[in-house]
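1. Provide a 3D model corresponding to the input given below.
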Amino acid sequence: MKNGLKKWRLLSLFTALAFILSGCGEPFVSALQPAGEVARQQYNLMILSAVIMVVVIIVVAIVYIIAITKFRRSKIGEDVIPKQVEGSHTLEIMWTVIPIILVLVLAVPTVYVTFALADQAEMEEVDEEGNRTALVIDVRANLYWWEFAYPDQGIVTAQDLVVPTDQNVYFNVIGHDVKHSFWIPAVGGKIDTNVENVNTFYLNFDSEAAENVDNLFYGKCAELCGPSHALMDFKVQTMSGDEFEEWVTAMQEVAEEEQQPENELQARGQEVYQDQGCIGCHAVDPTQQIGSSTGPNLTTFGERSYVAGILDNRDPDLSQEDNIKDWIRNSDSLKPGNKMPVYNEDDLSDEDLDALTEYLMSLKVFSE
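-> Numbering: from 1, shown residues only. Take a look at the predicted model:
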C-alpha cells in the first residue's frame, strides 16, 4: 500500500514538473508564441486539434467512470448481466456520426490552411520592368551551418538571416550534404532541406512581435543530421522594409569595394587570414555564389550576435573576442563533426590569434 502511494506521489510530482517546464519557453524560439501570419495559422490549428482531443478524452473518461460505477457488482456473488446495447441504431448512429463531424471540423481548416500556405503565385509576380516584386531567399543547409543568398539582390550571407517585417518572404531551401530541416519556431515552418530537390515556402515576420524580442529570432535544424545537430542554429535579424533596402545597398557597396583594415593590428590579422588559408573556405565577398565556399561567408562576421551560431556575443561574462578565440582554438569540441580545423599554439601563435580576431571583429557592413 505504501509503495503504491509513493508511486502516485512521484507520478503527481513529475506531472506537475512537466506543466511547469512547459511554460519556460522564450518568445523568440517558441512555436506557442506566434510572431507572424504563418505561425498564427499553424498555432490556431494546433489549438483546434488540442481542443478536439481534450473534449474526446473528457467524454470517454465520463462514459468510463459511469460504466464502472453504475454497473459494478453491488454485493459479492451477484451475477446480474446489465442490459446489452448491441444492435442499437441510436448508438450506432451516434458513434459513427460524431467522429465524422470531429474529423471534418479538423480536416476542413487544415486542408484550407495547407493549400493557402502552399500558394506561391506572389513569388512569380513581376513589375513593369520585369523585376520580381517579392523577396526570395535561397537557403542552403550544410553540416552544421546555414547559407543564405538573395538572388535578385546579388548578395550572400551565412548564419545570420536578414529579413524585412510585415511582408511575405519566400524561401527556396535545399541541403548540400545530408537532409536537414529549416525551422524558425516563433515564425513558422518547418520544411525539409532535401539534397535531391528544392522545397519552397514563405513566412511573414510580424514587426510588433519582432520588437518584443529585440528583432532577433532563433532558427534551428529540425532533422537529425549528425553529432552537432542540436548545435546547428542560425539567427534571424528583422528590420523594417526601408532598413532592409539600406542593408542591401550597404552589402552591394561592400561587394564593389573590399573592406580595408583600419589599423596595423587589423592589417596583420588580414595577412594571417590569408596566410593560414582561411580565405580558401571563408569568403569575405557578399557576392560570391552560394555553395562555392566550404565554410560560412564572413562578410558581416563582426556584426553577428553569435559565433558559430552557439557562442553568445551578448553574454556579459564573455566578449566577442573571447568567443572567437575559443572557437578557433576549440572548434571541434564546441561543435563536434564540423569541418573547421583546430588551430593550437603550434599552428597559430597567440599574437597572430589576437590580430586575426581583431580583423574578424572589423568585418562589419551595417553597424558601427
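
2. rest of the way, CA atoms for contacts and neighbours
-> OK.

3. what's near enough to touch W247?
-> Listed by C-alpha atoms under 8 Å, 6 or more residues apart in numbering, the contact partners of W247 are F366.

4. just the pLDDT for it.
-> W247 carries a pLDDT score of 94 in this model.

5. again with the one 3 residues further on
-> What the model reports as pLDDT for A250 is 91.

6. swap in the one 4 residues further on?
-> Reported pLDDT at V254 in the predicted model: 85.

7. host element of it?
-> When elements are assigned from DSSP states H and E, V254 belongs to helix 241-256.

8. for that helix, C-alpha coordinates in PDB please.
-> As requested, the backbone C-alpha atoms of helix 241-256 are provided in PDB (Å, rounded to 0.1, in the frame of the first residue of the first chain):
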ATOM      1  CA  GLY A 241      11.300  47.500 -45.200                       C
ATOM      2  CA  ASP A 242      13.300  50.700 -45.600                       C
ATOM      3  CA  GLU A 243      16.100  49.500 -43.300                       C
ATOM      4  CA  PHE A 244      16.300  46.300 -45.300                       C
ATOM      5  CA  GLU A 245      16.800  48.300 -48.500                       C
ATOM      6  CA  GLU A 246      19.500  50.200 -46.800                       C
ATOM      7  CA  TRP A 247      21.100  46.900 -45.700                       C
ATOM      8  CA  VAL A 248      21.000  45.600 -49.200                       C
ATOM      9  CA  THR A 249      22.600  48.700 -50.600                       C
ATOM     10  CA  ALA A 250      25.400  48.500 -48.000                       C
ATOM     11  CA  MET A 251      26.100  44.900 -48.900                       C
ATOM     12  CA  GLN A 252      26.200  45.700 -52.600                       C
ATOM     13  CA  GLU A 253      28.600  48.600 -51.900                       C
ATOM     14  CA  VAL A 254      30.900  46.300 -50.000                       C
ATOM     15  CA  ALA A 255      31.000  44.000 -52.900                       C
ATOM     16  CA  GLU A 256      32.200  46.800 -55.200                       C
END
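
9. so which bits of it are buried?
-> Burial within helix 241-256, assessed by neighbour count using 16 or more other C-alpha atoms under 10 Å, is assigned to 244, 247-249, 251-252, 254-255.
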